[in-house]
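Asks: The sequence and its predicted three-dimensional model are supplied below.
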There are 2 protein chains.
Amino acid sequence: MINPSSSLHPTYALADWGTTHLRVWLTDPAGTLFGERMSNEGMGGLKPDQFQNVLEAQLTAMNAPRGLPVMICGMAGSRQGWREAAYVEAPAHFSSLSAQATSFQAAGRSIHIMPGVARLDAKRPDVMRGEETQLLGLGIDEGVACLPGTHSKWVRIKEGCIEDFATVMTGEMFALLTQHSILRHATNNHDGSQSKVLPDDPYFAEGVTTGLTGEGALSRLFSVRAGSLLNGRTPQQSIAHLSGLLIGTEIMESARLMGVLSDDVHVIGTGALARLYRAALQQANRICHVHDGGALVRAGLLAAANRIYTAEPRAAE
Amino acid sequence: MINPSSSLHPTYALADWGTTHLRVWLTDPAGTLFGERMSNEGMGGLKPDQFQNVLEAQLTAMNAPRGLPVMICGMAGSRQGWREAAYVEAPAHFSSLSAQATSFQAAGRSIHIMPGVARLDAKRPDVMRGEETQLLGLGIDEGVACLPGTHSKWVRIKEGCIEDFATVMTGEMFALLTQHSILRHATNNHDGSQSKVLPDDPYFAEGVTTGLTGEGALSRLFSVRAGSLLNGRTPQQSIAHLSGLLIGTEIMESARLMGVLSDDVHVIGTGALARLYRAALQQANRICHVHDGGALVRAGLLAAANRIYTAEPRAAE
């Protein structure tokens, strides 16, 4: 049924199923795209018995063949998701991810859900779910990756393994501070809106410089408020400084935590946020390679599907 | 009219007028107490033209003599308060605080509002308003003070001056993280309540240890979530760890920032929070002296009033 060299029909559905969204692609083993759909039916809004119908509706809308197998990553594999795909312990070899996927049948299809990765250290426990698939898609056996976001991940890859990683709540902290803390009076415009932070803003660079000292951000946050009160800093200047302070702190703390202070960094992200991280990393004299996160998750799902299905090759029709 | 040695009648009203509360005392120059009132008519809920009536109502309820002068500290002196009492620049000698109080007449009384103190450094601007009066009340010319709270202050006192200080948003960060962040799932009980953190909790001590490394808290916060997911930590254990992590971080970062890593620390605070700081400071091998914040603000207001009125002694009736 499945012919790895064919590109006349889709052979897999790939699904990135996060907390807030679902993205589905139809591909063949070479990555040829036969269809793509995006939906806001994320795991956060679904009960376990709703996942199958949501998926079938998306596949039907794409005219996916009956019995097409589905490779899923993300929060659909969490305890609150469709089926739990237990964490693989770090160091986790990339080949172990597809090997330890949770597999089951639903609506006549084989469903595979990628496991997350856990760091089982009592002093610094950590988890990832979804990012492991982007890292698999990155396709490197050695290096350092940074996945900026609400909960940024920093990852050390060694000998084909996710060897060490750390989650840094930079994006969530930025949101909390600018929405709920006293700093919002400094960072937000009079109508409550927030100016965009640009990577070439000197106030962003100033914040990065402070963050890169590695002395910690807790005792420096209030400067944002005081700079507004005493120095008449504008909301745009204040929010740029805060953003730089947090990103610079993230870069220094996580690099120190994992002993990767001078390595090249593969930034997996898109758009404005990736540009901010690139600017901050350049300020830290780090060589930076930016990769599109959406492309990598698809590449990782495809690699996992190929490992599962080409490991058991079947005869072409 | 005013007799500094008399204790038959009050000679001053003293008022601690913060954002959320107003506390008024009637005293004589020796500190004898003739009356005390507490109200939730804080600056935050008042327009500038309402302060006078609120104060008069409190004084009338205490049978305060007509014309009794009033010494005020706190946010009533901010730009959004009754009358702005401009910041004195650090290093600020304690005698300059009463000398630079804003003075005016209202309802036939002399009103004096203590100035705040500002740190006018472009790289680390900072402000305090209200704490300067507690520090005046502390009555030391050399030393290090810590005023724990929503916005903790760390202060270096030298040669009778508030020489340097730093605001650390520890309490606000703790509230934001346990109320609004993903960590709330780990730190809060099922009914949304939060367990009290006790100073002898080993999970508090563990958090303090991590914070005291001085490597920064941003990259360590997520451990609270992961420890709940992976290690089955209870909400009580998780909230204790988070509290310790933030307080330990505050102690190390601010001490390093001001070059006071081994000094004795005067903790100005009360109750459970002061006990947590004492435990954390002991873990850092710092000698700790705890002072009641409410008593110190009254002592500071009295010292300021005495400086103003004994500088211009008047004949007793």
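Replies: Done, it's in.

Asks: Point to the residue nearest the middle of chain A.
Replies: Closest to where the C-alpha atoms of chain A average out (Cα atoms, centre = their mean) is A:E131, at 4.5 Å.

Asks: Quickly note the distance from that one to chain B.
Replies: Separation of A:E131 from chain B (Cβ to the nearest Cβ, to the nearest Å): 13 Å. (C-beta placed from N, C-alpha, C; glycine too.)

Asks: Check that residue and give its pLDDT.
Replies: In this prediction, A:E131 carries a pLDDT score of 98.

Asks: The residue of the stretch 1-150 of chain A found nearest chain B: neighbour count?
Replies: Residue of the stretch 1-150 of chain A nearest chain B, by Cβ to the nearest Cβ: A:P125 (3.9 Å). A count of nearby residues for A:P125, using other Cβ atoms under 10 Å in any protein chain shown, gives 21.

Asks: and the top helix by length along chain A, what does it pack onto?
Replies: What stands out as the longest helix in chain A, according to DSSP state H, is helix A:235-258. Helices and strands touching helix A:235-258, by 3 or more Cβ pairs under 8 Å, 6 or more residues apart in numbering or on different chains; DSSP states H and E, are strand A:143-147, strand A:152-158, strand A:161-168, helix A:170-180, helix A:184-187, helix A:202-212, helix A:222-231, helix A:271-283.

Asks: Tell me how far the fifth one lies from the chain's centre.
Replies: This points to helix A:184-187. 28 Å (Cα atoms, centre = their mean, to the nearest Å).

Asks: pLDDT on that helix, on average?
Replies: 96.

Asks: try stretch A:264-271
Replies: Here stretch A:264-271 scores 95 as its mean pLDDT.

Asks: Check stretch A:57-69 too.
Replies: The average pLDDT for stretch A:57-69 rounds to 96.

Asks: Next: stretch A:138-149.
Replies: For stretch A:138-149, the mean per-residue pLDDT is 97.

Asks: What is the end-to-end distance of that stretch?
Replies: By Cα to Cα, to the nearest Å, the extent of stretch A:138-149 from end to end equals 17 Å.

Asks: buried ones in that stretch?
Replies: For stretch A:138-149, a neighbour-count test (16 or more other Cβ atoms under 10 Å in any protein chain shown) marks A:138, A:143-149 as buried.

Asks: if we can go back for a sec, how about the residue of the stretch 1-150 of chain A closest to chain B: what's its closest non-neighbour residue?
Replies: B:A226 (3.9 Å; Cβ to Cβ, 6 or more residues apart in numbering or on different chains).

Asks: contacting residues for the one you found?
Replies: Going by Cβ atoms under 8 Å, 6 or more residues apart in numbering or on different chains, B:A226 touches A:118-119, A:125-127, A:167.

Asks: do that again at 10 Å, thanks
Replies: For B:A226, the contact set (Cβ atoms under 10 Å, 6 or more residues apart in numbering or on different chains) comprises A:118-121, A:124-128, A:167, B:186, B:233.

Asks: Tell me which residues touch the nearest residue to A:Y203 once chain neighbours are set aside, please.
Replies: Excluding the flanking residues, the one nearest A:Y203 by Cβ to Cβ, 6+ apart is A:A240, at 3.9 Å. Neighbouring residues of A:A240 by Cβ under 10 Å, 6+ apart: A:187, A:195-199, A:201-208, A:233-234, A:276.

Asks: Then A:L302?
Replies: Here A:L302 is in contact with A:11-12, A:14, A:25, A:27-31, A:71, A:133, A:136-137 (Cβ under 10 Å, 6+ apart).

Asks: Skipping its backbone neighbours, what lies nearest A:I287 in space?
Replies: A:D264 (4.3 Å).

Asks: gap between that neighbour and chain B?
Replies: 20 Å.

Asks: How many residues are close by A:R124?
Replies: Here the count is done by other Cβ under 10 Å, and A:R124 has 17 residues near it.

Asks: pretty sure it contacts B:R220?
Replies: Yes. In this structure, A:R124 is within contact of B:R220 by Cβ atoms under 10 Å, at 7.2 Å.

Asks: Any stretches of chain A with poor pLDDT?
Replies: Flagging of chain A using pLDDT under 70 yields the residue ranges A:1-7, A:311-317.

Asks: where along the stretch 1-150 of chain A do the helices fall?
Replies: Counting by DSSP state H, counting those that start in this stretch, one finds helices in the stretch 1-150 of chain A at the ranges A:51-61, A:94-99, A:131-138.

Asks: Save these as a markdown table, and put in distance to A:I268 too.
Replies: Listed next are the helices of the stretch 1-150 of chain A as a markdown table, based on distance: least, Cβ to Cβ, whole Å:
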| stretch | distance to A:I268 |
| --- | --- |
| helix A:51-61 | 25 |
| helix A:94-99 | 15 |
| helix A:131-138 | 5 |
